[in-house]
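Peer 1: my questions are about this predicted structure, shown below with the sequence.
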Amino acid sequence: MLEIEDMSPGARRHDMLPCEDCSRARAALGRMLGLWARLREDVETVFAKDPAARSVLEVLTCYPGLHAVWLHRIAHWLWIHNFKLLGRLVSHVNRFLTGVEIHPGATIGRRLFIDHGMGVVIGETAEVGDDVLMYKGVVLGGVSNKKTKRHPTIGHCVVLGTDAVVLGPIKIGDGVKIGSGSVVVKSVPAGATVVGVPGRVVKINGVHRWRETNLHHERLPDPVVDTLARLDERIATLEARLSALGGDGHRPTGTAERIASEAHGDEPQGAG
């Protein structure tokens with residue numbers, strides 16, 4: 001006897017349900033595995049960037065910078081899914097628990113490590129790349145009250161020293177190092193070092209070594225001190241010349257004019 005297959009819509013939906021359930025289960029499992037991998041990556045980042053980390057349990061319980069990043073991810077998810085108030089509430093709880101204030105609208109990359117964390121402020125339109133290291137007191141602030149891009153964009157592999165302040169919709173290039181206490185108000189090219197108030201750029205010679213964190217802030221160059229040192233050397237040279245020309249300490253006629261001429265690179269004039 002010939003059997004006729006039931007091709008009604010209801011029957012087709014019934015036959016497809018197991019496959020749809022499997023797809024949903026696989027998608028959910030993939031999300032869970034991705035979340036676990038991201039959490040593990042965050043913990044490994046702490047061990048890579050903080051020599052004081054001793055155990056996984058210590059990292060999970062005693063690192064407010066790590067907790068701040070995790071809570072921000074929840075707040076950011078709520079924010080982009082239009083749960084604005086809930087996102088702000090989670091951000092507020094984050095600030096209360098960790099001392100780190102990250103607006104839920106801020107975009108944070110992977111493997112961000114906030115060391116110590118207290119006093120860090122990241123504004124709404126700020127963007128932070130991957131493998132960034134921040135110390136306590138860092139501020140990524142805005143300079144406008146308009147509802148537009150008003151906070152900085154931080155590239156990959158950037159180090160921001162203690163109490164560093166970056167203001168405005170500027171771009172900080174990949175591999176930049178910003179010294180402790182610096183105030184940066186202009187964009188910085190990749191691979192540069194910034195120190196001072198306002199921040200001054202000192203380019204780094206040599207090949208970029210990505211993901212290698214340089215923690216020796218005491219070795220950052222100071223262009224002001226370097227300039228003063230060169231001026232001091234120049235003054236010592238001019239004093240030595242003046243002493244040699246003066247002989248017994250009395251200035252002969254034309255000495256000052258000859259020194260000024262030499263300082264400007266002019267040829268010495270013959271004696272009259």
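Peer 2: Yes, it's here. Numbers count the residues shown, from 1 in each chain.

Peer 1: switch to C-alpha atoms for all contacts and neighbour counts from now on
Peer 2: OK.

Peer 1: buried ones in the helix or strand harbouring residue 65?
Peer 2: Assigned by DSSP states H and E, residue 65 belongs to helix 64-80. Neighbour-count burial for helix 64-80 flags 64-69, 71-73, 75-76, 78-79 (criterion: 16 or more other C-alpha atoms under 10 Å).

Peer 1: immediately after it, which helix or strand?
Peer 2: Taking DSSP H and E, what comes next after helix 64-80 is helix 84-98.

Peer 1: give me the helices and strands touching that following helix, please.
Peer 2: helix 64-80, strand 101-102 (3 or more C-alpha pairs under 8 Å, 6 or more residues apart in numbering; DSSP states H and E).

Peer 1: make a markdown table out of the ones you listed and add mean pLDDT and distance to residue 46.
Peer 2: A markdown table is the format used below for the helices and strands packed on helix 84-98 (pLDDT from 0 to 100; distance: least, C-alpha to C-alpha, whole Å):
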| stretch | mean pLDDT | distance to residue 46 |
| --- | --- | --- |
| helix 64-80 | 94 | 8 |
| strand 101-102 | 94 | 19 |
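
Peer 1: how long is stretch 122-137 end to end?
Peer 2: 10 Å (C-alpha to C-alpha, to the nearest Å).

Peer 1: and for stretch 139-155?
Peer 2: End-to-end distance (C-alpha to C-alpha), stretch 139-155: 15 Å.

Peer 1: excluding its backbone neighbours, what's nearest residue 141?
Peer 2: residue 167 (4.8 Å; C-alpha to C-alpha, 6 or more residues apart in numbering).

Peer 1: tell me which residues of stretch 88-105 are tucked away?
Peer 2: 88, 90-95, 98-105.

Peer 1: which residues touch it?
Peer 2: With C-alpha atoms under 8 Å, 6 or more residues apart in numbering as the contact definition, stretch 88-105 has outside contacts at 64-65, 67-68, 71-72, 74-76, 79-80, 87, 117-125.

Peer 1: show me what contacts residue 136?
Peer 2: For residue 136, counting by C-alpha under 8 Å, 6+ apart, the contacting residues are 114-120, 161-163.

Peer 1: go with 6 Å
Peer 2: Applying C-alpha atoms under 6 Å, 6 or more residues apart in numbering to residue 136 gives the contacts 116-120, 162.
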